[in-house]
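Visitor: Turn this into a model:
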Amino acid sequence: MLRTFLFELIRRRYFFLAIALGGLVLVLPRPEGLTAQGQGTLALLVFAVVCFLTDPVPLPAVALLIGVGEVVFGIKSPQAMPRSYMSGAVFFILGSLMIGAALVHQKLDRRIALFLVKITGTGFKRVTLGLSLLAAVLASFVGPHVVAATLMPVALVLVRRNGAPPEEEKKMARTLLVALAYSAALGGFGTLSGSARNAIMMEYLRSRPYGIQVDYLEWVLLAYPMLLLTAPLIALVCIWTFRAGTKDLSRAVASLREDAGRSQGSAQAWLSGAIVLLTLVGFFTLGKRMGIGTVAVLGATLFLVTGLVTWEQLDKGVNWGVVLLYAAAISLGISMSETGAAQWVARTVLNGLAPLGFRHGLPLLFVVGLLTMLTANVMSGGPSVSVIGPVVLALGALSGEDVALVGVMCAAGSSFSYFTIMANPANSIVYSSGWVHPKDFLRTGWKMALVSLFLVLLLAGLYWPLFSL
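Guide: Numbering: from 1, shown residues only. Okay, here's the model as predicted:
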C-alpha cells in the first residue's frame with residue numbers, strides 16, 4: 001500500500017510542481033500595475049501551462065481546476081465562471097467534433113482520403129505534403145476548426161488501413177496529425193474570413209486613431225505567400241521529427257478503394273455530404289447572425305434527426321474532455337484580458353526590450369511576432385490578438401512604423417500556435433484522437449517557430465513594403 005502511494009506521488013510530481021509554481025506566483029509581492037485578480041490569473045496560467053506541457057494528470061481535470069481557481073481567487077463570480085465555459089467557440093468545436101464523428105461513421109473520410117491520394121500519389125511523404133497544403137488552403141476560407149475536424153479522420157483512416165506495426169502507426173499518425181493541426185492554424189491567417197483574430201485586428205486598425213482600411217484582396221496578397229511557403233515546410237519538419245519508416249500507402253489505398261466500390265452511390269453518403277455543404281454555407285451566410293457555434297451544432301443535429309448517426313455513435317466518437325479543455329482555455333484567456341494581466345505582461349516585455357533597440361523596423365516586427373506567438377500559445381490566437389493588438393499598434397505608431405504592417409505581423413504571430421494543446425482549436429482536435437501527446441507539439445513546435453519567424457521577417461523586409469496600405 002505504501003509503495004503504491006509513493007509510486008503515485010512520484011508519477012504526479014509535475015502536478016505538485018505546477019501547484020508549487022502557481023502558488024509562488026500568487027504569494028510573491030504584487031508588481032505595480034498588476035491587480036490582485038491579475039496576479040491570481042497569472043498563477044492559474046503558470047499552473048495550467050506546466051500541466052499542459054507535462055500531462056501529469058488527466059487534462060480534463062486540469063480544465064475543471066482552472067474554473068475552480070477562477071472562483072477561489074475571486075477572478076470570476078460563481079455565476080460568471082460557468083458562463084465563460086459555454087461560449088460560442090466551445091459550441092463551435094463541439095459541433096465540429098460531432099460532425100467529424102458522423103463523417104467517420106458514414107465513411108466519407110475514406111472518400112476524401114482517396115481524393116487526396118489521387119492528387120498526391122501513394123508515397124507517405126507526398127501525402128503528408130498534400131495534406132498540409134490542402135489543410136492550409138481550406139482553413140483560409142472555412143476556418144481551422146472545421147478543417148481539422150474534417151481531415152483528422154482522413155489522416156487516421158490512411159494510418160489504420162496500411163497495416164503497419166503499432167509503433168510505426170504512432171509515428172505515421174503523429175506526422176500526419178501534427179502537420180494537419182499546424183497547417184490548419186496557419187491557414188487561418190490567409191484571408192480575413194479565415195480566423196476571428198484577423199477580424200479583431202482589422203477592427204483595431206479601422207478604429208481611432210488609425211482609421212486604416214485593409215480590404216480582403218490586400219490581406220490575401222500580404223498573407224498567402226506566408227501560407228504557401230510554410231505549409232510544405234510544416235510537412236517536412238513533421239516528417240523529419242517523427243521519422244516514420246513507412247514509404248508507401250498503397251495497401252491502405254487498395255483497402256479504401258475496395259470499400260468505396262462496395263458503397264459507391266450510397267444515398268446516405270450523398271445526404272451526409274449535403275449536410276456538410278449546408279453547414280459550410282451556413283458559416284458564411286448565417287454565422288454573423290446566429291453565431292458559427294450555433295450553425296455547427298445545428299449541422300451535427302441534422303445528422304441525428306435524419307438517422308444518419310445515433311447519439312450512442314456520436315457519444316463514442318467525440319472526446320468530451322477536449323471540449324472541456326478548450327472551454328477552460330477560453331475562460332482563462334478572458335480572465336487574462338478582464339483582469340489586465342495580459343496587458344501587464346505585454347507592457348513589461350515590450351518595455352524591457354525597448355532599450356535593446358527593438359522599437360524600429362524589423363527588430364520591432366520581430367518582437368511583435370514573437371510576443372504574439374508566445375501569448376497565443378498560452379491563451380489561443382483570438383484572445384492574444386485582442387489583448388496584444390492595441391499595445392503593439394500603439395507601439396508601432398509611436399515608433400513611426402507602418403501600423404498596418406505591425407497589425408498584420410501580430411495576426412501572423414498568433415497563427416504560430418505550435419507549442420500547446422490550448423494554443424489553437426486544431427491542436428485540441430487532433431489531440432482528441434488519442435494519437436498525439438502534448439510533448440509532440442513541443443518536439444516540432446520549436447523548429448516551426450524558428451522557421452515561421454524567419455520566413456515572416458523575410459516577407460516583412462522584402463515583400464510587404466511593396467504594398468502601400
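
Visitor: and the lengthiest helix in the chain, average pLDDT?
Guide: For the chain, the helix with the greatest residue count under DSSP state H is helix 216-242. Over the span of helix 216-242, the pLDDT mean works out to 90.

Visitor: ditto for stretch 436-454
Guide: Per-residue scores along stretch 436-454 average to 91.

Visitor: swap in stretch 290-298?
Guide: Stretch 290-298 comes out at a mean pLDDT of 80.

Visitor: how many other residues sit next to Arg243?
Guide: 9 (other C-beta atoms under 10 Å). From N, CA and C alone the C-beta is placed, and that goes for glycine too.

Visitor: was I right about it contacting Lys171?
Guide: Yes - between Arg243 and Lys171 there is a contact under C-beta atoms under 8 Å: 6.5 Å.

Visitor: Count the residues that sit near the spatially closest residue to Gly291 that is not a sequence neighbour.
Guide: Excluding the flanking residues, the one nearest Gly291 by C-beta to C-beta, 6 or more residues apart in numbering is Gly88, at 4.5 Å. When neighbours are defined as other C-beta under 10 Å, Gly88 has 17 of them.

Visitor: Could you check how far Gly88 is from Gly293?
Guide: 4 Å (C-beta to C-beta, to the nearest Å).

Visitor: Centre of the chain to the longest helix of the chain, how far?
Guide: Computed by C-alpha atoms, centre = their mean, to the nearest Å, the chain-centroid distance of helix 216-242 equals 15 Å.

Visitor: do the same with stretch 124-132
Guide: 20 Å.

Visitor: could I have the strand or helix carrying Val159 exported to CSV, CA atoms only?
Guide: Assigned by DSSP states H and E, Val159 falls within helix 144-160. Output in CSV follows, covering the C-alpha atoms of helix 144-160 (Å, rounded to 0.1, in the frame of the first residue of the first chain):
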residue,chain,number,x,y,z
PRO,A,144,-9.0,25.8,-38.7
HIS,A,145,-11.7,24.2,-36.5
VAL,A,146,-13.7,22.8,-39.4
VAL,A,147,-10.7,21.7,-41.4
ALA,A,148,-9.0,19.9,-38.5
ALA,A,149,-12.2,18.1,-37.5
THR,A,150,-12.9,17.1,-41.2
LEU,A,151,-9.5,16.0,-42.2
MET,A,152,-8.4,14.2,-39.0
PRO,A,153,-10.5,11.1,-39.8
VAL,A,154,-9.0,11.2,-43.3
ALA,A,155,-5.4,11.0,-41.9
LEU,A,156,-6.3,8.3,-39.4
VAL,A,157,-8.0,6.1,-41.9
LEU,A,158,-4.9,6.1,-44.1
VAL,A,159,-2.8,5.1,-41.0
ARG,A,160,-5.1,2.3,-39.8
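
Visitor: shaky segments in the stretch 201-350 of the chain?
Guide: The stretch 201-350 of the chain contains residues with pLDDT under 70 at 203, 207-208, 216, 256-266, 284, 287-288, 292, 346, 349-350.
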